[in-house]
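>>> I'd like to go over a predicted model; first the sequence, then the structure.
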Amino acid sequence: MIVPTYNERENLPELVRLLLDLPINLGVIVVDDSSPDGTGAIADTLAATHQNRVFVIHRSGKLGLGTAYIAGFRKALNISEMGGMVVRIMTMDADFSHHPKYIPSMVHASIEGADLVIGSRYVKGGGTPDFPLNRRLLSSGANTFAKIMLGLRARDVTAGFRCYRREVLEALPLDEIFSSGYSFLIEMLFLVQNFGFKVGEVPIIFMDRVEGTSKISSQEVTRAMYTVLRLFWRRIKGLSRRSRNEEGASS
């Protein structure tokens, strides 16, 4: 499980405890962006207490969610301390909006054949009961906009609660991903679908954070819009190229 952190000292110890108590063989990689509140030091203490199950990546500053995920992916793909090759790599927020109790069902869906499993707010059984109306409209609008523009088939395209099979991350061109913030999640799903991998969704109830402050800003929303438009242009060029190739083949 990859957990990016920035000022999550109130949440991290309990989150790690719950993750390690799950009835699955799970390790935790904390990717901390030099949190001023000392989250990185707490992560180091947890790693010393739970050797070979908790690992920490310290970064020099707030470098963005996407690059934190990629750093975590690379660590997970090359980790050897857990006694074997890691076959599934998950991501989640540190603020309990993604609750660990959903992880076994996500892993089960992966075992059943999904290459990427999304902990989804927008399939039957999922929801966002704590969201005020304006945030529900923003989230729903962003999902609808990205789905229509990019042809994405998942219901929750901006969710960060995910389970990837190892083969997916090994196949994707991680070094070529341009997005850095929350828009990274949209670009990853776009690539997963375009590479022909199977995407599944498991319902979750997304609870708003209790401790700490939200990391979503108006700048992140603008970046997400830009990412969708950039990928839309890439999609259109791909469809146009495919159409020309089919015309040539038929003639």
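Here it is on my side, so go on.
>>> which strand or helix spans residue 55?
Taking DSSP states H and E as the definition, residue 55 sits inside strand 54-58.
>>> so which bits of that strand are buried?
For strand 54-58, burial by neighbour count (16 or more other CB atoms under 10 Å) applies to 54-57. Yep, even glycine has a C-beta here, placed from its N, CA and C like the rest.
>>> just the C-alpha atoms of that strand, please, in PDB.
Extracted C-alpha coordinates of strand 54-58, given in PDB (Å, rounded to 0.1, in the frame of the first residue of the first chain):
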ATOM      1  CA  VAL A  54       6.600  -0.400   6.700                       C
ATOM      2  CA  PHE A  55       9.000   1.600   4.500                       C
ATOM      3  CA  VAL A  56       9.500   5.300   4.100                       C
ATOM      4  CA  ILE A  57      10.500   7.500   1.100                       C
ATOM      5  CA  HIS A  58      11.500  11.000   2.200                       C
END
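>>> by contact count, what packs against that strand?
strand 28-32, helix 39-49, helix 65-78 (3 or more CB pairs under 8 Å, 6 or more residues apart in numbering; DSSP states H and E).
>>> mind listing what it pairs with, with the direction of each?
strand 28-32 (parallel) (DSSP bridges).
>>> and the partner strand, which residues are buried?
Of the residues in strand 28-32, 28-32 count as buried by neighbour count, 16+ other CB under 10 Å.
>>> same check, this time on stretch 73-90
Of the residues in stretch 73-90, 73, 75-76, 79, 86, 88-90 count as buried by neighbour count, 16+ other CB under 10 Å.
>>> before we move on, what about stretch 195-213?
197, 199-207, 209, 212.
>>> that stretch: how far from the chain's middle?
Between the centre of stretch 195-213 and the centre of its chain there are 8 Å (CA atoms, centre = their mean, to the nearest Å).
>>> can you show me the strands along this protein?
2-5, 28-32, 54-58, 88-91, 116-120, 162-165, 199-203 (DSSP state E).
>>> which parts of the chain are helices?
For the chain, the helices defined by DSSP state H cover 12-20, 39-49, 65-78, 103-111, 133-150, 166-171, 183-194, 218-250.
>>> got CSV for the ones you listed, with mean pLDDT and distance to residue 159 too?
Supplementary listing: the helices of the chain in CSV, determined by pLDDT from 0 to 100; distance: least, CB to CB, whole Å:
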stretch, mean pLDDT, distance to residue 159
helix 12-20, 98, 17
helix 39-49, 98, 23
helix 65-78, 95, 13
helix 103-111, 98, 11
helix 133-150, 89, 9
helix 166-171, 97, 16
helix 183-194, 95, 7
helix 218-250, 73, 13
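>>> looking at those helices, which is buried most?
Stretch with highest mean neighbour count among those: helix 183-194 (a mean of 23; mean count of other CB atoms under 10 Å).
>>> that helix vs strand 116-120, what angle?
Using axes from the mean of the first three to the mean of the last three CA atoms, to 10 degrees, the direction of helix 183-194 lies 130 degrees away from that of strand 116-120.
>>> alpha carbons of helix 183-194, in PDB - could you do that?
Provided in PDB are the C-alpha atoms of helix 183-194 (Å, rounded to 0.1, in the frame of the first residue of the first chain):
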ATOM      1  CA  SER A 183      -5.000  14.800 -12.500                       C
ATOM      2  CA  PHE A 184      -2.400  12.000 -12.500                       C
ATOM      3  CA  LEU A 185      -5.200   9.700 -11.500                       C
ATOM      4  CA  ILE A 186      -7.100  10.500 -14.700                       C
ATOM      5  CA  GLU A 187      -4.000  10.000 -16.900                       C
ATOM      6  CA  MET A 188      -3.200   6.700 -15.300                       C
ATOM      7  CA  LEU A 189      -6.800   5.400 -15.900                       C
ATOM      8  CA  PHE A 190      -6.600   6.600 -19.500                       C
ATOM      9  CA  LEU A 191      -3.400   4.700 -20.000                       C
ATOM     10  CA  VAL A 192      -4.700   1.500 -18.300                       C
ATOM     11  CA  GLN A 193      -7.700   1.400 -20.500                       C
ATOM     12  CA  ASN A 194      -5.800   2.200 -23.700                       C
END
